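> missing the sequence, but the structure's below:
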């Protein structure tokens, strides 16, 4: 990875830190929030037409795509694809403008560059388990997460309609292979809806190896019963959901959980913080604990920002009251930790090697 590209990763982290801070969990200065809300009212036409997922250009990653960012690997790693899974990955928010409520599919060079970088740094964690499909979609602008309004709901619904259509095409192309589902932040929110609409109670549920709903709160009582898959109890379980929210000590999740508790889950019940799902990505178990030496690798930049490499044995983690609390010596990932020691931006990077190992292990168990 060239220096310019890796420096852009750092720039993206700055922007997404802001997006996460304001958009996902609804905190921050009221003036700043007002300045982030998209101008005017929602208009579907402003985002342009929806993608045709039968066409290769509607995908960021798909088998046969030239320069597929999901095929990227850290320094020193060779391609070791051993799995036959089909992976459906949904990227987080990368559209940071406020000129409209949803991004066009061809939102411009900057948005496209950021999107590719996240498919590269997150979707790549699964490429040993199989081939990755990552759709372009008319994502909701991060300001759409700030209001409980008709405009915001329509923006999220439009984004999800694209993800849903992409999933239908993915199922056609994947054939009868086992399936891994993954997303982060806005992508994880859409993945929850996908589980409810397309997986729960359907025959395809038997083909799901695991669903990685990362960086978005999942309630074990108000959400999970409607999603069709149970939380993952152990590292050898398949057909289950993994989810975590990364924090360092001393953690202050009040800004996150205060908003979370004001919402209703996918089952219609009220969400409560005591029901928050935490699956430790290192141990692969619900409410698990893992020492740093068990972490196969955290994704970090080199000192000269020319590349990225895996640092094993640095970061451990344990679940505590629904949060994933970090242990050990956290490497220099960047300065963009959110208020309350929230490591949302680094949910994948901290455990890149562990996610990779977890997906391979669950796939092997599924085949058994």
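That came through fine. Remember, it's a predicted structure, so these values are computed and weren't measured experimentally. Residues are numbered from 1 along each chain as shown.
> any weak-confidence spans in the stretch 1-150 of the chain?
Scanning the stretch 1-150 of the chain for pLDDT under 70 picks out 1-36, 146-147.
> And the helices in it, which stretches?
Along the stretch 1-150 of the chain, the segments classed as helices by DSSP state H, counting those that start in this stretch run 3-19, 30-36, 109-121, 150-174.
> Could you do the stretch 151-300 of the chain as well?
Ranges of helices in the stretch 151-300 of the chain, per DSSP H, counting those that start in this stretch, are 186-194, 224-227, 254-260.
> and the last one, which residues are buried?
Of the residues in helix 254-260, those buried by neighbour count under the rule 16 or more other C-beta atoms under 10 Å are 255, 256, 257, 259, 260. The C-beta positions use only the backbone N, C-alpha and C, and glycine is treated the same way.
> so who does the last one touch?
With contact taken as C-beta atoms under 8 Å, 6 or more residues apart in numbering, residue 260 is in contact with 25, 217, 271, 273, 276.
> picking up where we left off before, can you put the buried residues of helix 254-260 in JSON lines and add pLDDT and distance to residue 177?
Below are the buried residues of helix 254-260 laid out as JSON lines (pLDDT from 0 to 100; distance: C-beta to C-beta, whole Å):
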{"residue": "255", "pLDDT": "75", "distance to residue 177": "41"}
{"residue": "256", "pLDDT": "76", "distance to residue 177": "36"}
{"residue": "257", "pLDDT": "80", "distance to residue 177": "38"}
{"residue": "259", "pLDDT": "74", "distance to residue 177": "38"}
{"residue": "260", "pLDDT": "82", "distance to residue 177": "35"}
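> what about residue 76, neighbour count?
8 (other C-beta atoms under 10 Å).
> give me the element the closest residue to it other than its chain neighbours is part of.
Once flanking residues are discounted, residue 76 sits nearest to residue 309: 6.5 Å by C-beta to C-beta, 6 or more residues apart in numbering. Here residue 309 is covered by strand 308-311, with elements defined by DSSP states H and E.
> Each with direction, which strands does that strand pair with?
strand 298-301 (antiparallel) (DSSP bridges).
> Contacts for stretch 280-294 next, please.
So stretch 280-294 is contacted by 231-236, 242, 244, 277-279, 295, 313-319, 324, 327-329, 351, 354-355, 358, 361-362 (C-beta under 8 Å, 6+ apart).
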